[in-house]
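Peer 1: Dropping the sequence and predicted coords here.
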Amino acid sequence: MSQARYPTLIEDGASHQTAVLILDQTRLPREPVMLRLGSLEDAAHAIRVMQVRGAPLIGATAAYGVALGLADDVGDARLNHVIDTLAATRPTAVNLHWALERMRRVLQNSALATRRDTAWNEARAIATEDKAANAAIGQHGLKLLQACRRSDRPLNVMTHCNAGRLATVDNGTALAPVYAAHAAGLPVHVWVSETRPRNQGLLTAWELAEAGVLHTLIADNAAGLLMMQGKVDLVIVGADRIAANGDTANKIGTYLKALAARAHGVPFYVAAPLSTIDFACPSGAEIPIEERAAEELGAAVSNLDTPVANPAFDVTPADLISGIVSERGVARAGELSQWKT
Ligand code: MRU
């Protein structure tokens, strides 16, 4: 996947350590456009309005946002302001807060004279590690996919939202095993749910098409029927925050898929790097759920005098999850402490 025509996040080679380029996801799938982020404000805005989105990509962009924010002032007060500004952009994806705390730790221990270079180096390390973690998730997940394949047809994977390469620096999380299967010659087809209201499923369709992976777009509400009809061999989704007990926050609608999967005996897996596990969060009840603007439900909403609720994420209880795939391997959702370092 590293040959992708449109990288999600790269340093702007034309201007040494002064800007990054992102693929503007608000313009996909209509047109792939790279956007230049040259300041803290640019980075915070890009995360807030979802020009970049997906937990690992948000984390890496925030790390570069710290580096951008220290362009003219590397002092402690400025560092705190930069981190606070980025931390306030989106609440649920813990990768954002994980990346910012990692940047804080490293930069607080760095001399002022070298702090700016250190920030760029650390952001680069976070981005590089994300690619590697996701590639490893692909290889571990591939074994699960192979085990779920029926001999009489291609493997039918269902996913929700976009947990592909667009949600990461590269390789994807839930889609990493799909790409690994495709590369290994395993016939694979992906059911892609639209993911109302922001339609991240269209991003998934776009990147699967780019990669030449067979897929079909469905309305979110079609998922239960397809499982009932035996047309789904496994469900695999990403995560925005996994609590210590394995409860998993992911895009709204994930929980309903997990319930349908349990009802129909379909394995339900979560794929995420260790940076998505929040060991300080005991259970799903403590995960903050982002509430987004009513307008996301459609332009017509503004003409109605009707209250709107728009929670962007839900929590799937650990006991509905067949296993969690990370760069370390596959674990039962209730046994994540083995990955605590
Ligand atoms: O609101 P988004 O688009 O940032 O939400 C993204 C998701 O919920 C993804 O499934 C999750 O971040 C996993 S990304 C590898």
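Peer 2: Sure thing, it's come through. Numbering: from 1, shown residues only.

Peer 1: okay, CA-based contacts and neighbour counts for the rest of this
Peer 2: Will do.

Peer 1: can you list the residues of the stretch 151-300 of the chain near the ligand?
Peer 2: Residues of the stretch 151-300 of the chain lying close to the ligand (Cα under 6 Å from any ligand atom) are 161-163, 167-168, 172-173, 238-240, 250-251.

Peer 1: now, among those, which is nearest to G75?
Peer 2: Nearest to G75 out of these is T168 (Cα to Cα; 30.1 Å).

Peer 1: which non-adjacent residue is nearest that closest one?
Peer 2: Leaving aside its chain neighbours, T168 sits nearest to L57 (4.3 Å; criterion: Cα to Cα, 6 or more residues apart in numbering).

Peer 1: How about E11?
Peer 2: Closest residue to E11 apart from its sequence neighbours, by Cα to Cα, 6+ apart: V20 at 4.2 Å.

Peer 1: Please apply the same query to K340.
Peer 2: Distances taken as Cα to Cα, 6+ apart place F279 nearest to K340, at 7.5 Å, with adjacent residues excluded.

Peer 1: in stretch 176-183, what's buried?
Peer 2: Neighbour counts over stretch 176-183 (16 or more other Cα atoms under 10 Å) mark 176-182 as buried.

Peer 1: So which residues of the stretch 151-300 of the chain form helices?
Peer 2: 176-183, 200-211, 223-228, 254-263 (DSSP state H, counting those that start in this stretch).

Peer 1: Pull the distance from the last one to the chain's centre.
Peer 2: Spelled out, it's helix 254-263. How far helix 254-263 lies from its chain's middle: 20 Å, per Cα atoms, centre = their mean, to the nearest Å.

Peer 1: now the first one
Peer 2: On the basis of Cα atoms, centre = their mean, helix 176-183 sits 17 Å off its chain's mean C-alpha point.

Peer 1: Compute the inter-axis angle for that helix and helix 200-211.
Peer 2: Between helix 176-183 and helix 200-211, the angle comes out at 30 degrees (axes from the mean of the first three to the mean of the last three Cα atoms, to 10 degrees).

Peer 1: rewinding a little: quick one, phi psi at the residue nearest to T168?
Peer 2: Dihedral pair for L57: phi -70, psi -40, per degrees, to the nearest 10.

Peer 1: my read: it touches G172, true?
Peer 2: No. Counting by Cα atoms under 8 Å, L57 stays clear of G172, with 9.6 Å between them.

Peer 1: Using JSON lines, please lay out the helices of the stretch 151-300 of the chain together with distance to G38.
Peer 2: Formatted as JSON lines, those follow (distance: least, Cα to Cα, whole Å):
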{"stretch": "helix 176-183", "distance to G38": "30"}
{"stretch": "helix 200-211", "distance to G38": "25"}
{"stretch": "helix 223-228", "distance to G38": "41"}
{"stretch": "helix 254-263", "distance to G38": "35"}
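
Peer 1: Deepest in the core, which of these is it.
Peer 2: The highest mean neighbour count among these, using mean count of other Cα atoms under 10 Å, belongs to helix 176-183: a mean of 23.

Peer 1: my guess is T316 meets G253, correct?
Peer 2: No. The criterion here is Cα under 8 Å, and T316 misses it with G253 at 9.6 Å.

Peer 1: Between those two, which is the more surrounded one?
Peer 2: Of the pair T316 and G253, T316 is the one with more neighbours under other Cα atoms under 10 Å, namely 25 against 20.
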